[in-house]
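A.B. asks: Make a model of this:
(4 chains)
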Number of protein chains: 2
Amino acid sequence: MEQEDPRTRILDAAEELFYGQGVQAVGMDAVRAASGMTMRRVYQHFPSKGDLVEAYLRRRDGRWRASLALYVSRAGGSPREQLLAVFDWLGEWFAEPGFRGCAFVNALGELGAASPGVVAAARHHKTEFNAYLAGLAEAAGAPPATAVHLSLLAEGAITSAAVHGDPTAAADAQEAARLLLDAAVPAR
Amino acid sequence: MEQEDPRTRILDAAEELFYGQGVQAVGMDAVRAASGMTMRRVYQHFPSKGDLVEAYLRRRDGRWRASLALYVSRAGGSPREQLLAVFDWLGEWFAEPGFRGCAFVNALGELGAASPGVVAAARHHKTEFNAYLAGLAEAAGAPPATAVHLSLLAEGAITSAAVHGDPTAAADAQEAARLLLDAAVPAR
DNA sequence: CGTCGGCGAGAACGATCGTTCTCGCCGTGC
DNA sequence: GCACGGCGAGAACGATCGTTCTCGCCGACG
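C.D. replies: Numbering: from 1, shown residues only, chains lettered A, B, ... in the order given. All right, here's what the predicted structure looks like:
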């Protein structure tokens, strides 16, 4: 059941450690040990810790958004129901053991001041998420401003759940989203 | 014009450095240099870096909430207008040079996994902020759920402004807050 | 069979961190 | 006048970090 691809093994270890403990708190040797590799192999695939961090964020962005899109598309229903399903997905994420908020926000707070790559990764992640919400909102007949409002609610829910360790922020945000959608999309 | 209180000088330096660059990225020697003190004096007032970090967060919490409350109280107007003034204040904060998001969220992402004191400080900060909003909401005749919704919007605006470097998140959140208040507080 | 290139394992290196210690100096109390 | 306690300045210490190097081994190829 072991991953045979070294790159994947390293990224798996890095993701678990970086997300769980923060980037600066994790040494390269910890990544090496957790991935069951030798130091030489690690640096062969990622020439520096910065490269590894950016690769970790890039992969996480792709997986995160793919998981969300898959969940929402499977939820089916109207565009409006899909928009609300986003918050169901958030709620499941918040309830996962080891949930520690948004990896991009955390990395940005830690390294943003000194690492343009991390800033770019975080902005890209959030921009793509907002664009995804905007697409759903448009399909639901809501104005672009509503998509912005919903993205703020989602963002706030992530932070709130992380700080208080309480997944119910997702349901609260969903409730607010419902009200905003009711106000923004005139009954047909 | 120099501060004569050593504790204040150290905390001033620590706040600027910790907030601007992240806690782990700032060494004690940088704090010492920026405060114009000797190492002995620094450790005399804060026996460890952890103590300094917690003192930094505690003082920032008090100042942050006092500044908000002062702004809102001066804004006068109805409770509803005061609630909306919270987002004006956020907008001014976001536009300050060096704004880097919520210090507590940043510290939590960096150190939370290993520092119960930081977790407690962040929770306290957010809990007090939510309580403040709840008080305003109650005065405005809005149900408690609305206060939760507004706090999520505010939280989301902070994060969004930090990630994108764009203060308009405050105005967006205010717009959503207005809609939620319209829906929650029946016209009199 | 001999040579060589690449690998695993881990030591080594230089930098930096948090924290403490040394040393020389100066003001104060007997 | 003199011992002494506290201070500034910064060196020192031990730990840890990111990164590189060494060394012994093994398998491929002529």
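A.B. asks: Would the helix or strand hosting residue A:8 count as contacting DNA strand C?
C.D. replies: Here residue A:8 sits within helix A:6-21, counting by DSSP states H and E. No: using C-beta under 7 Å from any atom of the strand, helix A:6-21 never reaches DNA strand C; the gap is at least 8.1 Å. Where you see a C-beta, it was placed from the backbone N, CA and C, and this is true even at glycine.
A.B. asks: Mind listing residues that contact that helix?
C.D. replies: Under the criterion C-beta atoms under 8 Å, 6 or more residues apart in numbering or on different chains, residues A:2-3, A:26, A:30-31, A:34-37, A:41-42, A:45-46, A:52-53, A:55-56, A:59-60, A:98, A:100, A:103, A:106-107, B:113-114 lie in contact with helix A:6-21.
A.B. asks: immediately after that helix, which helix or strand?
C.D. replies: helix A:28-35.
A.B. asks: what about the following helix or strand past that following helix, average pLDDT?
C.D. replies: Next helix or strand after helix A:28-35 toward the C-terminus (DSSP H and E): helix A:39-45. The average pLDDT for helix A:39-45 rounds to 96.
A.B. asks: May I have helix A:39-45 exported as CSV, CA atoms only?
C.D. replies: C-alpha atoms of helix A:39-45 as CSV (Å, rounded to 0.1, in the frame of the first residue of the first chain):
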residue,chain,number,x,y,z
MET,A,39,18.1,13.5,2.5
ARG,A,40,19.7,13.2,-0.9
ARG,A,41,16.5,12.1,-2.5
VAL,A,42,14.5,14.8,-0.9
TYR,A,43,16.8,17.5,-2.2
GLN,A,44,16.9,15.8,-5.5
HIS,A,45,13.2,16.4,-6.0
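A.B. asks: still on that earlier bit, how far out from the middle of the chain is the helix holding residue A:8?
C.D. replies: Computed by C-alpha atoms, centre = their mean, to the nearest Å, the chain-centroid distance of helix A:6-21 equals 15 Å.
A.B. asks: now the angle from it to helix A:28-35?
C.D. replies: Per axes from the mean of the first three to the mean of the last three C-alpha atoms, to 10 degrees, the angle that helix A:6-21 makes with helix A:28-35 is 120 degrees.
A.B. asks: hmm, back to that, what's the ChimeraX syntax to select whichever of the contacts of helix A:6-21 are buried?
C.D. replies: Buried subset of the contacts of helix A:6-21, written as a ChimeraX selection, criterion 16 or more other C-beta atoms under 10 Å in any protein chain shown:
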select /A:26,31,34,35,37,41,42,45,46,52,53,55,56,59,60,100,103,106,107 /B:113
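A.B. asks: Intersect the contacts of helix A:6-21 with the contacts of DNA strand D.
C.D. replies: Among the contacts of helix A:6-21, DNA strand D is touched by A:26, A:30 when using C-beta under 7 Å from any atom of the strand.
A.B. asks: Isn't residue A:160 up against residue B:158?
C.D. replies: No: in this structure, residue A:160 is not within contact of residue B:158 by C-beta atoms under 8 Å, at 10.9 Å.
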